[in-house]
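>>> Here's a sequence, model it:
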Amino acid sequence: MSQPAQLRRPAHTAARRRAPGVPARSRPRHAMSRGTTEVDFVKLSPTCNTTLLVTSRHPVRHYRAIADQLLRAEHVHAEQVGFVLPAESPEAQLRLHMAGDEFCANATMALAALHAATQGLDGPVELRLEASGAADLLDCRVERQDSGYRCQLASPLPIRIDPYPFPGAPSGAPSRAAMVRYADAVHLVIECSGHDAVLRERAEQTAAQLGNSEGVSVVGVMLYDPVRGELAPLINVPALDSLVWEGSCGSGTASLGAYLAAKALAPVSAAVRQPGGTMHVHADYGSGKVTGLRVTGQVDLVAEGTAYIHD
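As a prediction, the model looks like this:
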């Protein structure tokens, strides 16, 4: 795994416009055939939720086509793609626009880690970021570790949390579940004892159905085992026709924290084990609602380079 310091190189004139704070590549470019687009990227691993951040500038109308190729196993391969842009607000350092217009907490923390690495910030440092799917600026605390970065993100708050009937526990009894609703996302949190193939299949069917009916940028189905403290996150981004069991999910972890706080009618702090590692969530609660959400995870920088997108 490459060290963040390797990203700090003297800037030089780049062939294409580049987001502020992202270093220009010093390697020579290869002559490519017509109809090929060169895409500069950095690959990061926020708690094994592999993320590609595109640092070269491209028309917004091309985002989904670029992401479609980058995500493939025979290409660069990752679970999600975001595009690094200049911030619109003078109070923010950078902006992240996900390929499916969704909000992604892990990708936002990946952007914070990338900015800290390219600017040589060891931290702890407080950054303010803009992100697609989030109406307000997002505060992220970043601190360099022996390997990678530890990031804590103040996540958007849900609009409401509604009970949701979901029969599907392995025993056949109905699971306790709730829909955590945001302005442009829904996360269905399902308490269950383990998650066998039957339950996972039902979760996939539900995620697809919600993607068709809810009219939001992202749908999550979070299978949570409260005894083991384990979360299996499933994410559907309808615009990308993407349905992925992720290594971890930051926004899903935040939704779980909101669900647990609303259920307990009290603040909650929890370590949440996921396939890619453990994330932490803290939910503040008062006056009958969730008043704050913070998720914490580890971000590692994996690779950087140029990908070729063919028309």
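>>> Low-confidence ranges, the stretch 101-250 of the chain, go.
167-175 (pLDDT under 70).
>>> So which residues of it form helices?
Along the stretch 101-250 of the chain, the segments classed as helices by DSSP state H, counting those that start in this stretch run 105-119, 197-213, 250-264.
>>> Please identify the most buried of those helices.
helix 105-119 (a mean of 28; mean count of other Cβ atoms under 10 Å). (Each C-beta comes from the backbone N, C-alpha and C, glycine too.)
>>> wait, is residue 88 part of a helix?
No - under the criterion used here (DSSP: H, G, I helix; E, B strand; the rest coil), residue 88 is coil, not part of a helix.
>>> what's the pLDDT at it?
Here, the pLDDT recorded for residue 88 equals 95.
>>> Bridge partners for residue 243, pull those for me.
Beta-bridge partners recorded for residue 243 (DSSP bridges): residue 236.
>>> and it, what does it touch?
204, 207-208, 234-236 (Cβ atoms under 8 Å, 6 or more residues apart in numbering).
>>> Would you check how far apart it and residue 233 are?
When distance is defined by Cβ to Cβ, to the nearest Å, residue 243 is 12 Å away from residue 233.
>>> Look up the closest residue to residue 166, ignoring the ones flanking it.
residue 177 (4.1 Å; Cβ to Cβ, 6 or more residues apart in numbering).
>>> any idea how far the one you found is from residue 223?
Distance from residue 177 to residue 223, by Cβ to Cβ: 10 Å.
>>> now do residue 244
For residue 244, the distance to residue 223 - Cβ to Cβ - is 14 Å.
>>> beta partners of residue 189?
residue 178, residue 222.
>>> isn't it right up against residue 163?
No - contact criterion Cβ atoms under 8 Å: residue 189 and residue 163 do not qualify, at 10.8 Å.
>>> more neighbours, those two?
Between residue 189 and residue 163, residue 189 has the larger neighbour count (other Cβ atoms under 10 Å), namely 27 against 9.
>>> then the top strand by length along the chain to PDB, C-alphas only?
In the chain, taking DSSP state E as the definition, the longest strand is strand 289-310. Taking C-alpha atoms only, strand 289-310 is exported to PDB below (Å, rounded to 0.1, in the frame of the first residue of the first chain):
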ATOM      1  CA  LYS A 289     -34.900  13.400  17.500                       C
ATOM      2  CA  VAL A 290     -31.400  12.700  16.400                       C
ATOM      3  CA  THR A 291     -29.400  16.000  16.600                       C
ATOM      4  CA  GLY A 292     -25.900  14.900  15.500                       C
ATOM      5  CA  LEU A 293     -24.200  12.100  13.700                       C
ATOM      6  CA  ARG A 294     -20.500  11.400  13.500                       C
ATOM      7  CA  VAL A 295     -18.800   8.400  11.700                       C
ATOM      8  CA  THR A 296     -15.200   7.500  12.000                       C
ATOM      9  CA  GLY A 297     -13.100   5.300   9.800                       C
ATOM     10  CA  GLN A 298      -9.600   4.600   8.400                       C
ATOM     11  CA  VAL A 299      -8.700   5.700   4.900                       C
ATOM     12  CA  ASP A 300      -5.700   4.200   3.100                       C
ATOM     13  CA  LEU A 301      -4.300   5.500  -0.200                       C
ATOM     14  CA  VAL A 302      -3.800   2.500  -2.500                       C
ATOM     15  CA  ALA A 303      -2.800   3.700  -6.000                       C
ATOM     16  CA  GLU A 304      -2.800   6.600  -8.500                       C
ATOM     17  CA  GLY A 305      -2.500   6.700 -12.200                       C
ATOM     18  CA  THR A 306      -4.200   7.300 -15.500                       C
ATOM     19  CA  ALA A 307      -7.100   5.100 -16.800                       C
ATOM     20  CA  TYR A 308      -8.200   5.000 -20.400                       C
ATOM     21  CA  ILE A 309     -11.900   5.300 -21.200                       C
ATOM     22  CA  HIS A 310     -12.900   4.100 -24.700                       C
END
